[in-house]
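*Asks:* Show me the folded form of this:
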Amino acid sequence: MDGARAVGVSLAVSDPDADVEGDVAGFAACGVERGATRTAIVAAEAVALDPGAPENAHRGSCSCEGLNLMSPPLSAHPTEFAGWLVSYRTALLAEVVAPFPAEDGWAQGGLGWRCEWRRIRSDPALWSVVLPAWRRLHEVTMWLERECMRRGYYLAVGFGAGDCELCEVCVTSELCVEPYAARPSLEALGVDVRRTREAAGWSGSAPPGQVSLSGIVLIL
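*Replies:* So this is what the prediction gives:
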């Protein structure tokens, strides 16, 4: 390990002699064991950013109602996330795929992502599939975050998809009741999900009849 790499690792890992590559590969394998359909290790710089995400969350004068503490305009701004991202070198991308009861497939991200999330949320047939997929992705990313921290990667942090769905109703006038579990989504933080998926060698869209949700754990 050269001097620059040793300094970089020591800033993010409690054990500077850790086998970083081996540990990250192990985390990726554990992600699948814990419920992800697949995982991929990417360089943090491969996480594509969309600074206009808050402005593009809705389609013009949409009829979306209700706010969420983990979504724009209440979540951290993409410029803040961009500042966090430069401190990381490695990220773990996780995907959860589930059958989608519609002719087309659906993957998160893109213009009007919040309107699309609300549309699916309002359709009982679609939501009965998407919500369990969201919960599985959340459980995987949070488990990976905790496991990374337990192994000494104490700056690890995970993010998921869409709005936070830990509570049936998000009371935005009060403090979050799940502060240790709630996380902004990739879209809310200004991540271009489709371009990031493509950087991992995955398709930016879901096959017909499938829903695809993606999350990221920044490790070091």
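
*Asks:* Please identify the helix or strand for Val32.
*Replies:* Element membership for Val32, per DSSP states H and E: helix 20-33.

*Asks:* Now that helix: average pLDDT?
*Replies:* For helix 20-33, the mean pLDDT works out to 96.

*Asks:* what comes into contact with it?
*Replies:* For helix 20-33, the external contacting residues (CB atoms under 8 Å, 6 or more residues apart in numbering) are 9, 13, 38-41, 90, 92, 94, 140, 143-144, 147-148, 151, 153, 217, 219-220. C-beta: built from backbone N, CA, C; applies to glycine.

*Asks:* So which bits of that helix are buried?
*Replies:* Of the residues in helix 20-33, 20, 23-24, 27-28, 30-31 count as buried by neighbour count, 16 or more other CB atoms under 10 Å.

*Asks:* and the residue lying closest to Glu187 once chain neighbours are set aside, how far is that from Ala57?
*Replies:* In space, and not counting its chain neighbours, Glu187 is closest to Trp113: 4.7 Å by CB to CB, 6 or more residues apart in numbering. Remark: distance between Trp113 and Ala57 (CB to CB, to the nearest Å) = 6 Å.

*Asks:* where in this structure is pLDDT low?
*Replies:* 1-12, 63, 65-66 (pLDDT under 70).

*Asks:* re the thing from before, closest one of the buried residues of helix 20-33 to Ser71?
*Replies:* Of all these, Gly31 has the smallest distance to Ser71: 24.3 Å, by CB to CB.

*Asks:* can you tell me which of the contacts of helix 20-33 are in helices?
*Replies:* Among those, the members found in helices (DSSP state H) are 9, 140, 143-144, 147-148.

*Asks:* Dump these into CSV; add distance to Ser203 as well.
*Replies:* Formatted as CSV, the ones in helices among the contacts of helix 20-33 follow (distance: CB to CB, whole Å):
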residue, distance to Ser203
Val9, 33
Val140, 20
Trp143, 25
Leu144, 23
Glu147, 28
Cys148, 27
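
*Asks:* Same drill for Trp113 and Ala57, tell me which one is more crowded.
*Replies:* Counted by other CB atoms under 10 Å, Trp113 and Ala57 do not tie: Trp113 has more neighbours, with 25 against 21.

*Asks:* residues contacting the more buried one?
*Replies:* For Trp113, the contacting residues are 53, 56-57, 162, 187, by CB under 8 Å, 6+ apart.

*Asks:* how far away is it from Tyr154?
*Replies:* Note on Trp113: its distance to Tyr154, by CB to CB, is 31 Å.

*Asks:* hmm, back to that, farthest-apart pair in the contacts of Trp113, please.
*Replies:* That would be Asn56 and Gly162, which, of those, are the farthest apart (CB to CB) at 14.6 Å.

*Asks:* which residues are in contact with both of Trp113 and Ala57?
*Replies:* Contact criterion CB under 8 Å, 6+ apart; residues shared by Trp113 and Ala57: Glu187.

*Asks:* For the chain, which segments are assigned as helices?
*Replies:* For the chain, the helices defined by DSSP H occupy 3-10, 20-33, 78-85, 113-121, 124-150, 193-199.
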